[in-house]
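give me a model of this one.
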Amino acid sequence: MIHLSNAVASHRDTLWRRLAVPVVAALGFAMGNLAYATTVTIAVPNNIGLVEMKKLSLAFEEANPDIQLKWVILEENVLRQRLTTDIMTNGGQFDVLAIGTYEVPLWGKRGWLVPMTGLPASYDLNDVLETVRDGLSSDGTLFALPFNAESSMTFYRKDLFAAKGLTMPSHPTYSQISEFADKLTDRAQGVYGICLRGKAGWGENMTIVSTLVNTYGGRYFDEKWNAQIDSPEWKRAITFYVDLLKKDGPEGASSNGFNENLTLMMSGKCAIWVDATAAAGILYNKRESAVADKVGFAAAPTQITPKGSHWLWSWSLAVPKSSKSQDAAKQFIVWATSKEYITMVGNDLGWASLPPGTRSSTYARPEYKQAAPFSEFVLNAIQTANPNDATLEKVPYTGIQYVGIPEFQSFGAIIGQQIAGALAGQLSVDQALQAGQATADRAVRQAGYQK
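Got it, this is the predicted structure:
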């Protein structure tokens, strides 16, 4: 019995060794892959489209097991501060940056971004809209690939307009918008006549404020770089904005940015909302929006001039020179801005929610045309927004909703804070604009723009 047990034990040990060797080798190989995987840290804002990208990125990781993705998702203003600090200090915390048409040319020109060259033929760069490509280039070099692109437009509740016997023009004025908002405000029912960005930030309230000032005939600087923030045009535009939101906007409007107003509109709380065309796909998506079958659209409002009344922006993905994983980062960006990725979004979120404004092929898709009645309108708005001719009077800068100089990020944020303060009743419009004037004038004087 003892001899038989020894034989069985010996056979069992031999069998275990034969089985264990390949198992241990496989485990070792897998652990080795994890140990040597390239980590790509991606910083994006907390908007729906880019959060969706994180969800779908599991497919990228499955196809590229040697690349691990690490996500940093932040509120828009916080994201901009973090990325600006990191890029200026060569920090290297991030490998993929979600930045826009303001930062890309400036940072690319300074040598802070990796050029987007050597793209695979399958990417089909010529399919990307020329207006968008130009906005992400400096001196003919492309420094980022667009995830989405947008202009601005007017959204409104068709049912509320019909109930009051109102008709939204295809090209409304701000005076008309104010009249409609007065008639549609019903606080007892929780419906606000107008929703506009009020949250302070050069990319939040100053986005709508800048286009409002443009169409009122204003500008940030005259041709000699003298600030114009306390001009009559600015005063008329900002007084209109503050009075309109106080009268017909939601409570706490000075705290509402894009995401907050999107939530209000989706839940049926806004009769009119002027904001990014990128919101259209969400508002018309029945899975996401309670008013999907009630939303109408029109051009962004104008007043004195149509120039600069609708903006141009692209959330794009770029690789900083400080990244230690540049090849892997670029590989991810190519995937996340490809035709194939756009198809994935259509299958997951619905065809109305495709990343808009980037590719001609998107606007040729039958599925998109059927699901997105706004598609041709949005395409036209993007293609007609002109950062080189956005003001009634001549200016020394480019940009519609921003001034295309590095200093704008700082003084634009401060002006935004002053205007948010006026909206919240903490100071008068005159006080806000006087403070903004001093800030802008000091910024360009110290930077040597004034001669």
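
can we go C-alpha only for contacts and neighbour counts from here?
Noted.

ok, what's across the strand from the residue nearest to the spatial centre of the chain?
By C-alpha atoms, centre = their mean, the mean C-alpha position of the chain lies nearest to W315, the distance being 4.5 Å. Taking DSSP bridges as the rule, W315 bridges to N148.

tell me if I'm right that it and S151 touch.
No: using C-alpha atoms under 8 Å, W315 makes no contact with S151, being 11.6 Å away.

residues in contact with the residue nearest to the centre of the chain?
A98, I99, G100, T101, P146, F147, N148, A149 (C-alpha atoms under 8 Å, 6 or more residues apart in numbering).

ok, S267 next?
For S267, the contact set (C-alpha under 8 Å, 6+ apart) comprises S289, A290, V291.

let's see 6 Å
A290 (C-alpha atoms under 6 Å, 6 or more residues apart in numbering).

with M266 instead?
The contact partners of M266, by C-alpha under 6 Å, 6+ apart, come to S289, A290.

ok, it to T343 distance?
Separation of M266 from T343 (C-alpha to C-alpha, to the nearest Å): 24 Å.

would you check that N256 makes contact with K199?
Yes: contact criterion C-alpha atoms under 6 Å: N256 and K199 qualify, at 5.0 Å.

between the two, which is the more surrounded one?
More crowded of N256 and K199, by other C-alpha atoms under 10 Å: K199, with 25 against 21.

what pLDDT does the nearest residue to that one once chain neighbours are set aside get?
Distances taken as C-alpha to C-alpha, 6 or more residues apart in numbering put S255 closest to K199, at 4.5 Å, once the chain neighbours are dropped. According to the prediction, S255 has pLDDT 97.

please report how far the residue nearest to the centre of the chain lies from L69.
Counting by C-alpha to C-alpha, the gap from W315 to L69 is 19 Å.

repeat that for A371.
Going from A371 to L69 by C-alpha to C-alpha gives 32 Å.

how many neighbouring residues does V429 have?
A total of 23 residues lie near V429 under the criterion other C-alpha under 10 Å.

skip the chain neighbours and tell me the closest residue to it.
Among residues not flanking V429 along the chain, A422 sits closest, at 5.6 Å (C-alpha to C-alpha, 6+ apart).

any idea how far the helix or strand harbouring the one you found is from the chain center?
Following DSSP states H and E, one finds A422 within helix 408-423. Helix 408-423 sits 19 Å away from the centroid of its parent chain (C-alpha atoms, centre = their mean, to the nearest Å).

tell me which other helices or strands it touches.
helix 429-446 (3 or more C-alpha pairs under 6 Å, 6 or more residues apart in numbering; DSSP states H and E).

starting at the chain centroid, how far to the helix it packs on?
Relative to its chain's centre, helix 429-446 lies at 27 Å (C-alpha atoms, centre = their mean).

stretch 106-126 too?
Stretch 106-126 sits 19 Å away from the centroid of its parent chain (C-alpha atoms, centre = their mean).

now do the same end-to-end measure for stretch 308-318.
One end of stretch 308-318 to the other measures 27 Å (C-alpha to C-alpha).

same check, this time on stretch 401-413
Stretch 401-413 has an end-to-end distance of 13 Å (criterion: C-alpha to C-alpha).

same thing with stretch 143-156?
36 Å.

give me the mean pLDDT for that stretch.
For stretch 143-156, the mean pLDDT works out to 97.

residues making contact with it?
With contacts defined as C-alpha under 6 Å, 6+ apart, stretch 143-156 is touched by 108, 115-116, 136-137, 271-278, 295-300, 310-318, 337, 355-358, 381-382.

tell me who's in contact with the nearest residue to A424 once chain neighbours are set aside.
Distance criterion C-alpha to C-alpha, 6+ apart; nearest residue to A424, sequence neighbours excluded, is S254 at 5.9 Å. By C-alpha under 6 Å, 6+ apart, S254 lies in contact with G198, K199, A420, A424.

now Q383
Contacts of Q383 by C-alpha under 6 Å, 6+ apart: none found.

rerun that using 10 Å as the cut-off
By C-alpha atoms under 10 Å, 6 or more residues apart in numbering, the contact set of Q383 is L129, E130, T131, V132, E150, S151, L312, G357.

in strands only, show me those.
Taking DSSP state E, the ones among the contacts of Q383 that sit in strands are E150.

quick one: buried ones out of the contacts of Q383?
L129, T131, V132, E150, S151, L312, G357 (16 or more other C-alpha atoms under 10 Å).

from A279, how far off is the fourth one?
Counting by C-alpha to C-alpha, the separation of E150 from A279 is 9 Å.

now E75: how far from M265?
Per C-alpha to C-alpha, E75 is found 19 Å from M265.

how about V128?
The separation that V128 has from M265, given C-alpha to C-alpha, amounts to 30 Å.
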